[in-house]
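>>> structure for the following, please:
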Amino acid sequence: MFINQILDGLTSINKPQAKFLQTLFSTMLVCHSAINFLSLARHSNLCEKTFRRHFRRFFNFARFNRQIIEQTVSVKPIAFAQDASFIKKSGKQTFGLDKFWNGCRARVEKGLELSLISIIDHQQNASFALSAEQTPPNLPDKTRIDFYLEHLQRTAAQLPESIQYGIFDGFYAKQKFVGGVLALGWHLVSKLRSDANLKYLYTGVQKPRGRPKMFAGKVDFSDLSRFSCTRLEEKNIKLYSAILWSVTLKLKIKLVVLQIGNRQTKLFSTDLALSGEEILQLYRSRFSIEFLIRDAKQSAGLQDCQARNRPALEFHWNTSFSTVNLARMEARKTLSEVNRQPFSMKSIKQQFFNEHLLKLFMCKLGLEQNLIKYQKTFEELRNYAVISP
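Residues are numbered from 1 along each chain as shown. The predicted structure is shown next:
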């Protein structure tokens, strides 16, 4: 099976854990109910206690996901994305319970939060999860920005060498985080606040004596006459770009003002050589990480974990994201380049469930498997009820 091919490429894994992971991922792909210890035991030949025990053990998911990415992404990736996601959790004894921002409800709620780093495949317009860690609660000596940066620093060794850009939403546009990304050797693409404090750079003749003049006034976004303008093919969209000084970030940035009607969105990059169109394209690719989180929540049981300690929670979350990676890998292998269909996690799971059920019938009823598998009706039954066969 394709899962075994990935596990065989890992040298730091023993046979019992490899056998467990093969069963775990196979069960995750066929389970239609809430994916917790009880439902995993119902869909496999392992007991609930075995799943609980293995979920507390360490496994290097970043290396495992890196193997999937290398076998699935045909073009060398140039960007990664990082984002945080709110996880609903009931109970009072779970580690990490705190008040976090819930984007679905646009308010702060009590629950858990994970930090996710993913590799962006621009050819497929998709994200592949690399590493997920839990945001710790009650940080008296450091902020959550410190934790996000530390997570990135721990994962940096697993990022492909071709990576040039890190893409983040506007929350990460803080001086400490931007400086940390630059120190790791990457440029940053993100979004600025609507009230960002920016200054024009002075390019005129300097005085013969005294400190050189650096700035030529504060940027007034009601007057963009000093910006270079590009009109996109999309209706009523204009791009205004300029190299400016960010007072908050304390560095030069390439600013792109995306104007749609009377509404403005301010994107920026620390790579001054990028064009406005390239910055917009890179930032738009960030939304693929949102679809990755959506698929993990809807079809891979991201919010269904029954565990309460941090190692088991992170193991469950990484398993959910790796399951989505494996499903996308399988979808890319089974579909040709000419007959490429939009990726549907629900369709992939339906195919695995149908095949699992057919094999179970053949095994229990003593039917000849080879004769049935090579018939046309087997493939029709395997694709029963899928969204995009």
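
>>> only C-alpha atoms from now on, for both contacts and neighbour counts.
Noted.

>>> all helices of the stretch 201-350 of the chain, in order?
When secondary structure is read from DSSP state H, counting those that start in this stretch, the stretch 201-350 of the chain shows helices at 276-284, 288-299, 310-334, 345-365.

>>> most tightly packed of these?
Among those, ranked by average contacts under mean count of other C-alpha atoms under 10 Å, first place goes to helix 310-334 (a mean of 21).

>>> could you dump the one helix or strand in the chain whose mean pLDDT sits lowest to CSV, C-alpha only?
Here the helix or strand of the chain ranked lowest by mean pLDDT, DSSP states H and E is helix 369-373, holding a mean of 72. C-alpha atoms of helix 369-373 as CSV (Å, rounded to 0.1, in the frame of the first residue of the first chain):
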residue,chain,number,x,y,z
GLN,A,369,-11.1,-11.7,-4.9
ASN,A,370,-9.0,-11.7,-8.1
LEU,A,371,-12.0,-12.5,-10.4
ILE,A,372,-14.1,-9.7,-8.8
LYS,A,373,-11.4,-7.0,-8.7
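
>>> let me know the next secondary structure element after it.
helix 376-382 (DSSP states H and E).

>>> now do the buried residues in that next one.
Neighbour counts using 16 or more other C-alpha atoms under 10 Å place 378, 382 of helix 376-382 among the buried residues.

>>> counting contacts, what elements does the least confident helix or strand of the chain pack onto?
In this structure, helix 369-373 packs against no helix or strand, with contacts taken as 3 or more C-alpha pairs under 8 Å, 6 or more residues apart in numbering; DSSP states H and E.

>>> what sits up against it?
Applying C-alpha atoms under 8 Å, 6 or more residues apart in numbering, the external contacts of helix 369-373 come out as 359, 362, 378-379.

>>> quick check: the farthest pair among the residues you listed?
Using C-alpha to C-alpha, the pair of those lying farthest apart is Met362 and Glu379, separated by 14.8 Å.

>>> what would the contacts of helix 369-373 look like in JSON lines with distance to Leu198 and pLDDT?
Output for the contacts of helix 369-373, formatted as JSON lines (distance: C-alpha to C-alpha, whole Å; pLDDT from 0 to 100):
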{"residue": "Lys359", "distance to Leu198": "64", "pLDDT": "86"}
{"residue": "Met362", "distance to Leu198": "69", "pLDDT": "86"}
{"residue": "Phe378", "distance to Leu198": "63", "pLDDT": "81"}
{"residue": "Glu379", "distance to Leu198": "60", "pLDDT": "80"}
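
>>> and of those residues, the nearest to Cys104?
Checking the contacts of helix 369-373 one by one against Cys104 (C-alpha to C-alpha), the nearest turns out to be Glu379, at 38.4 Å.

>>> show me where the stretch 51-200 of the chain has strands.
79-87, 98-102, 107-121, 126-134, 165-167, 187-191, 198-201 (DSSP state E, counting those that start in this stretch).

>>> quick one: the helices in the stretch 1-150 of the chain, in order.
Counting by DSSP H, counting those that start in this stretch, the helices of the stretch 1-150 of the chain are 2-8, 15-30, 37-42, 48-55, 61-72, 144-155.

>>> then the second one to PDB, C-alphas only?
What follows is the C-alpha trace of helix 15-30 in PDB, where atoms were taken according to Å, rounded to 0.1, in the frame of the first residue of the first chain:
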ATOM      1  CA  LYS A  15       8.300  -2.100  13.200                       C
ATOM      2  CA  PRO A  16       5.600  -2.100  15.900                       C
ATOM      3  CA  GLN A  17       5.100   1.700  15.400                       C
ATOM      4  CA  ALA A  18       5.200   1.300  11.600                       C
ATOM      5  CA  LYS A  19       2.500  -1.400  11.700                       C
ATOM      6  CA  PHE A  20       0.400   0.700  14.000                       C
ATOM      7  CA  LEU A  21       0.600   3.800  11.800                       C
ATOM      8  CA  GLN A  22      -0.200   1.800   8.700                       C
ATOM      9  CA  THR A  23      -3.400   0.600  10.400                       C
ATOM     10  CA  LEU A  24      -4.100   4.100  11.800                       C
ATOM     11  CA  PHE A  25      -4.000   5.900   8.500                       C
ATOM     12  CA  SER A  26      -5.900   3.200   6.700                       C
ATOM     13  CA  THR A  27      -8.600   3.400   9.400                       C
ATOM     14  CA  MET A  28      -8.700   7.200   9.200                       C
ATOM     15  CA  LEU A  29      -9.500   7.000   5.500                       C
ATOM     16  CA  VAL A  30     -12.400   4.600   5.900                       C
END
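
>>> just the buried positions in it, please.
Of the residues in helix 15-30, 18, 21-30 count as buried by neighbour count, 16+ other C-alpha under 10 Å.

>>> any idea how far Lys215 is from Ala157?
You called it Lys, but residue 215 is Phe. Phe215 is 39 Å from Ala157, where distance means C-alpha to C-alpha, to the nearest Å.

>>> how about Lys254, what does it touch?
By C-alpha under 8 Å, 6+ apart, the residues touching Lys254 are 241-244, 268-272, 274.

>>> just the buried members of these?
241-244, 268-271.

>>> hang on, Leu267 packs against Gln281?
No - look at Leu267 against Gln281 with C-alpha atoms under 8 Å: they stay out of range, at 10.8 Å.
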